[in-house]
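Novice: predicted coordinates and the sequence they were generated for:
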Amino acid sequence: MAARAAISQGELGMAQEALERAETWVLDRSVRPSQVRNQITDPVVEEISGALRALAANNAAEAQRRIDAALGKL
């Protein structure tokens, strides 16, 4: 994953962008109009969100762990 490589190279901004794109990709799904307001509960989204929070806290190791967990759930 691009985010993992970016973290390894110390490019945390690039990692954040890659994670945001990945999160959008996972969230991009079809739902019935009656379910649009329902919160999406997806374990992959939770891991990506956790990775983003870890990056914001400057915790690269936790971000990489969460990325690996997200990849394992795809």
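Specialist: Right, received. Where do you want to start?
Novice: element containing the residue most central in space within the chain, please.
Specialist: Geometric centre of the chain, nearest residue: Ile48, 2.2 Å, by Cα atoms, centre = their mean. Using DSSP states H and E, Ile48 sits in helix 43-56.
Novice: the residue nearest to the centre of the chain reaches Thr24, doesn't it?
Specialist: No. The pair Ile48 / Thr24 is not scored as a contact, 9.7 Å apart, by Cβ atoms under 8 Å. Every residue, glycine included, has its C-beta placed from N, CA and C.
Novice: buried sites along the helix holding Ile48?
Specialist: Residues 44-45, 47-48, 50-52, 54-55 are the ones in helix 43-56 that count as buried (16 or more other Cβ atoms under 10 Å).
Novice: next one: stretch 66-74
Specialist: 66-67, 69-70.
Novice: which of those residues fall in helices?
Specialist: Among the buried residues of stretch 66-74, the ones falling in helices (DSSP state H) are 66-67, 69-70.
Novice: mind checking pLDDT for the residue with the largest distance to the centre of the chain?
Specialist: In the chain, the greatest distance from the average C-alpha position (Cα atoms, centre = their mean) is reached by Ser34, at 26.4 Å. In this model, Ser34 is scored at 77, pLDDT.
Novice: next: Thr24.
Specialist: So Thr24 comes in at 89 (pLDDT).
Novice: over to Ile67?
Specialist: Looking at Ile67, the pLDDT reads 98.
Novice: one more: the one 5 residues further on?
Specialist: Among the per-residue scores, Gly72 shows a pLDDT of 96.
Novice: SS state for it?
Specialist: Following DSSP: H, G, I helix; E, B strand; the rest coil, we place Gly72 in the helix state.
Novice: you'd agree Met14 is up against Ala6?
Specialist: Yes. Between Met14 and Ala6 there is a contact at 4.0 Å, judged by Cβ under 8 Å.
Novice: name the single longest helix found in the protein.
Specialist: Longest helix in the chain, counting by DSSP H: helix 12-27.
Novice: many thanks, we can stop here.
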